[in-house]
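> Could you work out the structure for the sequence below:
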Amino acid sequence: MDKTSGKLTVLFEEPFWVGVFERISDGKLSVCKVTFGAEPKDYEVWDFILKHYSDLKFSPAVEIEVKQTADNPKRRQRNARKQLQNSGIGTKSQQALQNQREEMKTERRQLRKEQKDIEKQRQFDLKQQKRKEKHRGH
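Coordinates of the predicted model:
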């Protein structure tokens, strides 16, 4: 039997709102990305799906493992709530990149602070040396 399922995720990717359509058919995943611009309302998204879904250009199908889940409405509701709460960056690679950026940021701050302190100390030493030279001749 041929089973097809679809999923739409709307997220904010600086500076636009983006919709990611995922379609799983016969154990193969195809994806399409659509840029909305301003934050779309629910009815705008629904209208877009109804009018333009057939025009979407999906990526070539990739083989994936499809997990069989129970068709329990409470479980579906729980999963939907869980996905709504998880509004952070999605994939592990994106999270790793974000952590790397944060570490580089703290390193830069620390390096900048050290350089500032070194420059301050150099200026102080220069000033002290100048003062000593003034008093030296008398």
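> which residues of the protein fall in strands?
All strands of the chain, identified by DSSP state E, fall at 4-13, 16-25, 28-37, 62-63.
> pLDDT below threshold where in this protein?
1, 66, 69-70, 86-97, 137-138 (pLDDT under 70).
> go again using 80 as the cut-off
For the chain, the stretches flagged by pLDDT under 80 are 1-3, 27-28, 30, 59-71, 83-101, 136-138.
> before we move on, the earlier item: out of the strands of the chain, which one sits most buried?
With neighbours defined as mean count of other CB atoms under 10 Å, the strands of the chain peak in mean count at strand 16-25, which reaches a mean of 16. For every residue, glycine as well, the C-beta is placed using N, CA and C.
> what's the angle from that one to strand 28-37?
160 degrees (axes from the mean of the first three to the mean of the last three CA atoms, to 10 degrees).
> what residues are up against residue 33?
Counting by CB atoms under 8 Å, 6 or more residues apart in numbering, residue 33 makes contact with 18, 19, 20, 21.
> closest to residue 98 among the residues you listed?
residue 18 (17.4 Å; CB to CB).
> Which residues does that closest one form beta bridges with?
Applying DSSP bridges to residue 18 gives these bridge partners: residue 11, residue 35.
> got the contacts of residue 33 as JSON lines, with distance to residue 117 columns?
Converted to JSON lines, the contacts of residue 33 look like this (distance: CB to CB, whole Å):
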{"residue": "18", "distance to residue 117": "44"}
{"residue": "19", "distance to residue 117": "49"}
{"residue": "20", "distance to residue 117": "47"}
{"residue": "21", "distance to residue 117": "53"}
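> What's the separation between residue 122 and residue 136?
Distance, residue 122 to residue 136, by CB to CB, to the nearest Å: 21 Å.
> Same question for residue 64.
Taken as CB to CB, the span from residue 64 to residue 136 is 81 Å.
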